[in-house]
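Asker: structure, please.
(one chain, ligands or ions: 1)
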Amino acid sequence: MCVEASHKVFPEWQSLQASKVKSLHRTAFHFQPPKNWINDPNAPMYYNGIYHLFYQYNPYGSTWGNIVWAHSISTDMINWIPLDPAIYPSKPFDVNGTWSGSATILPGNKPVILYTGRDGQKRQVQNIAVPKNTSDPFLREWVKPDYNPLIVPNNGINASEFRDPTTAWLGQDGHWRVLVGSRRKNRGMALLYRSIDFKYWWKVQHPLHSAAGTGMWECPDFYPVALEGEFGLETSVNDNGVKHVLKVSLDKARYDYYEVGRYFAEQDQYVPDITSADNGMRLRYDYGNFYASKTFFDSGKNRRILWGWVNESDTEDNDVFKGWAGIQTIPRKVWLDKSGKQLLQWPIKEIKTLRGLDVHLRRVHLAKGGLVEVRPITAAQADVELTFHIPNLHKAEAFDPTWVDPQQLCGQMGATVQGGIGPFGLLTLASKNLEEYTSVFFRVFKGKNKNVVLMCSDQSRSSLRPEVLKPSFGGFVDVDLSEGVISLRSLIDHSAVESFGARGKTCITSRVYPILATGKDAHLFAFNNGTEAVKILKLSAWNMDKPQMN
Ligand code: DQQ
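Answerer: Presented below is the predicted three-dimensional model:
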């Protein structure tokens, strides 16, 4: 049985090329190569009008192994052209692996990549790669200078737990800084290194931040967000108008957590806003299947973009059978919510270029047990946006403050478990007679001082196949319900359902493998299973076209 977002090694499978790539469950508009295994997005960047996405890729099979940096380019982050792998094991400092890393655009518009190599002794070291020719508009070839490795695991650093350099940022003191994920025993940490010339790097004595009991921090990401507005900031910006986000991918949990806080450059310290900082790693970009994410500053459109890896929830032998595994999320714009407490995320606007035939519903009354089919639509490949109105919040069930685990709550209170207000939402990838569906819904409770809103993306009924993983993902939504209004958007793509609650306050991505609700036999419904009626103020759904995908 597979573990989500894990890359266990299957020596017998990792170099087994599929004879044919199976199209069932293949996504249409999510990023993926024509075949084989992918994991982490690497070094996303915008350079001279072109978006680049590199990613961890196995050229020889559909489980993890033989990893190289595959490379694709785009002008809109929706249509992608594949290029040859940019970085692959070839030198003593990366002969045993070319693992994750990030891009930095140096002054003078010079892009460079920092990545983790596994050297001849299988130590994780940090290397640099530079474009062979910056006048090549696609930056096809990358070279690894002989002065590599730049950073080695000395002074007691665990050489097997030292990886995934961030985008570097330039301090006002003229020093470059970069983070490398690591751990000491069970304390996860973001080790900080400084440099003046980007070649010679030294370790700052203390990590930028660390937290007991969290285990290895993979793929750290560190960037400023504006206190007001949706625009993004170049990674080196640090002034009174910003807060800083630190994201880490927790190897133990296999989820991405972030904190919002203050960065004190002179002290080389990051202080999360939440007072109990070390238990404060509780915000997640996505409460579903989402890992090893990375952001970059898109200077073309002045926004910060987030990419995340979405693994399969199917068994590995089925990944081998179908000849491919893994997709990337739809790129999301990220910015700080007005509350200053969390981020908001929204699919980039370019995704709208794929919208085709549309359906619009207005003022649909959903009484207790209400079920409305949204049609005609290609429900297996769609974008749906809807706004609900809850007329009567008084009937919400009481919230028990000991309910701290939203995923557990979603497991207990699925779409069929009647509540007061909710569950209401969508049944996506549903078979005609509802033998299969992936429900995405809200349930509203009465808390001590305000309503508590739970959002679920419940896979438990998603497939009649017993062997696939079917968690009931869930997250709380910190939304003000005083107007009684809450929105939901789902991007549905054959085996992926990527959902955004309350305009991007809570996001959940599911991977599902229906056997009945596929292709033309997939349906989409809106439902309400609360005792109280809710109204759909507006629903819009679009068929989605297939972009050029590698
Ligand atoms: N994947 C890479 C590592 C990283 C992990 C190897 C996270 O660099 O820590 O493929 O998924």
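
Asker: C-alpha from now on. contacts and neighbour counts both.
Answerer: Fine.

Asker: what bridges to the residue of the stretch 151-300 of the chain found nearest the ligand?
Answerer: Ranking the residues of the stretch 151-300 of the chain by distance to the ligand (CA to the nearest ligand atom) places residue 218 first, at 4.6 Å. Beta-bridge partners for residue 218, by DSSP bridges, are residue 249.

Asker: surely it touches residue 163?
Answerer: Yes - with contact defined as CA atoms under 8 Å, residue 218 counts as touching residue 163 (6.9 Å).

Asker: list the residues that contact both of the two?
Answerer: Taking CA atoms under 8 Å, 6 or more residues apart in numbering as the criterion, residue 218 and residue 163 both touch 181, 182.

Asker: check contacts around the residue nearest to the spatial centre of the chain.
Answerer: Nearest to the geometric centre of the chain sits residue 308, at 2.9 Å (CA atoms, centre = their mean). Residues in contact with residue 308 (CA under 8 Å, 6+ apart) are 40, 41, 290, 291, 292, 293, 294, 328, 329, 331.

Asker: check residue 415 too.
Answerer: 423, 424, 439, 441, 458, 529.

Asker: residue 134: which of those is nearest?
Answerer: residue 458 (46.9 Å; CA to CA).

Asker: and the residue nearest to residue 237 when sequence neighbours are not counted, how many neighbours?
Answerer: Excluding its sequence neighbours, the residue lying closest to residue 237 (CA to CA, 6 or more residues apart in numbering) is residue 224, at 6.5 Å. By the criterion of other CA atoms under 10 Å, residue 224 has 26 neighbours.

Asker: what ranges of the protein fall below the confidence cut-off?
Answerer: Where the chain drops to pLDDT under 70, the residues are 1-6, 274-281.

Asker: helices along that one, start to end?
Answerer: Along the chain, counting by DSSP state H, helices occupy 316-322, 406-412.

Asker: so for the ligand, which of the ones you listed sits nearest?
Answerer: For the ligand, the closest of those is helix 316-322, at 16.4 Å, according to CA to the nearest ligand atom.

Asker: coming back round to it: mind putting the contacts of residue 308 into a markdown table with distance to residue 417 and neighbour count?
Answerer: Below are the contacts of residue 308 laid out as a markdown table (distance: CA to CA, whole Å; neighbours: other CA atoms under 10 Å):
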| residue | distance to residue 417 | neighbour count |
| --- | --- | --- |
| 40 | 36 | 28 |
| 41 | 38 | 29 |
| 290 | 27 | 28 |
| 291 | 30 | 30 |
| 292 | 34 | 27 |
| 293 | 34 | 26 |
| 294 | 37 | 26 |
| 328 | 32 | 21 |
| 329 | 30 | 24 |
| 331 | 33 | 23 |
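
Asker: so which of these reach the ligand?
Answerer: Filtering the contacts of residue 308 for neighbours of the ligand using CA under 6 Å from any ligand atom leaves 40, 292.

Asker: nearest to residue 411, of the contacts of residue 308?
Answerer: The closest of the contacts of residue 308, once distances to residue 411 are taken by CA to CA, is residue 290, at 18.8 Å.

Asker: identify the residues contacting that closest one.
Answerer: By CA under 8 Å, 6+ apart, the contact list for residue 290 reads 5, 255, 256, 308, 309, 310, 311, 509.

Asker: so what pairs up with the second one in the strands?
Answerer: With DSSP bridges applied, residue 255 shows beta-bridge pairing to residue 250.

Asker: equivalent analysis for the last one, please.
Answerer: Partner residues in beta bridges with residue 509, using DSSP bridges, are residue 498.

Asker: go ahead and confirm it touches residue 287.
Answerer: Yes - Residue 509 is within contact range of residue 287, at 7.1 Å (criterion: CA under 8 Å).

Asker: and the gap between the residue nearest to residue 371 when sequence neighbours are not counted and residue 191?
Answerer: Leaving out its chain neighbours, the residue that sits closest to residue 371 by CA to CA, 6+ apart is residue 527, at 4.4 Å. Distance of residue 527 to residue 191, computed by CA to CA, to the nearest Å: 48 Å.

Asker: can you check residue 447 too?
Answerer: From residue 447 over to residue 191 the distance is 40 Å, taken as CA to CA.

Asker: ok so, going back, dump the helices of the chain into JSON lines; add distance to the ligand and mean neighbour count as well.
Answerer: Output for those, formatted as JSON lines (distance: least, CA to the nearest ligand atom, whole Å; neighbours: other CA atoms under 10 Å):
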{"stretch": "helix 316-322", "distance to the ligand": "16", "mean neighbour count": "19"}
{"stretch": "helix 406-412", "distance to the ligand": "22", "mean neighbour count": "18"}
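
Asker: how many residues are close by the residue lying closest to residue 367 once chain neighbours are set aside?
Answerer: Excluding its sequence neighbours, the residue lying closest to residue 367 (CA to CA, 6+ apart) is residue 533, at 4.2 Å. Look at residue 533: counted by other CA under 10 Å, it has 21 neighbours.

Asker: could you pull up the residues touching residue 533?
Answerer: Neighbour list for residue 533: 365, 366, 367, 368, 390, 391, 421 [criterion: CA under 8 Å, 6+ apart].

Asker: correct me, but the fourth one touches residue 424?
Answerer: No - contact criterion CA under 8 Å: residue 368 and residue 424 do not qualify, at 9.5 Å.

Asker: between the two, what contacts are shared?
Answerer: 528, 529, 530.

Asker: for residue 159, what are its contacts?
Answerer: 123, 124, 125, 153.

Asker: hang on, I meant residue 387
Answerer: 485, 486, 487, 488, 536, 537, 538, 539.

Asker: you'd agree residue 112 is up against residue 101?
Answerer: No - taking contacts as CA under 8 Å, residue 112 lies outside contact range of residue 101: 10.6 Å.

Asker: the more surrounded of the two?
Answerer: residue 101 (31 against 21).

Asker: spell out which parts of the stretch 101-250 of the chain neighbour the ligand.
Answerer: Counting by CA under 6 Å from any ligand atom, the stretch 101-250 of the chain sits next to the ligand at 163, 164, 218, 219.

Asker: so what are the domain limits for the chain?
Answerer: If you go by automatic domain parsing, the domain ranges for the chain are 36-347, 355-544.

Asker: and for residue 450, the neighbour number?
Answerer: 12.

Asker: try residue 504
Answerer: 24.

Asker: go on, residue 142?
Answerer: As a burial measure, residue 142 scores 19 neighbours (other CA under 10 Å).

Asker: who does the closest residue to residue 499 other than its chain neighbours bridge with?
Answerer: Nearest residue to residue 499, sequence neighbours excluded (CA to CA, 6+ apart): residue 490, at 4.2 Å. Using DSSP bridges, the beta-bridge partners of residue 490 come out as residue 384, residue 499.

Asker: count of residues packed around the residue lying closest to residue 355 once chain neighbours are set aside?
Answerer: Nearest residue to residue 355, sequence neighbours excluded (CA to CA, 6+ apart): residue 544, at 4.8 Å. Residue 544 has 26 neighbouring residues, counting by other CA under 10 Å.
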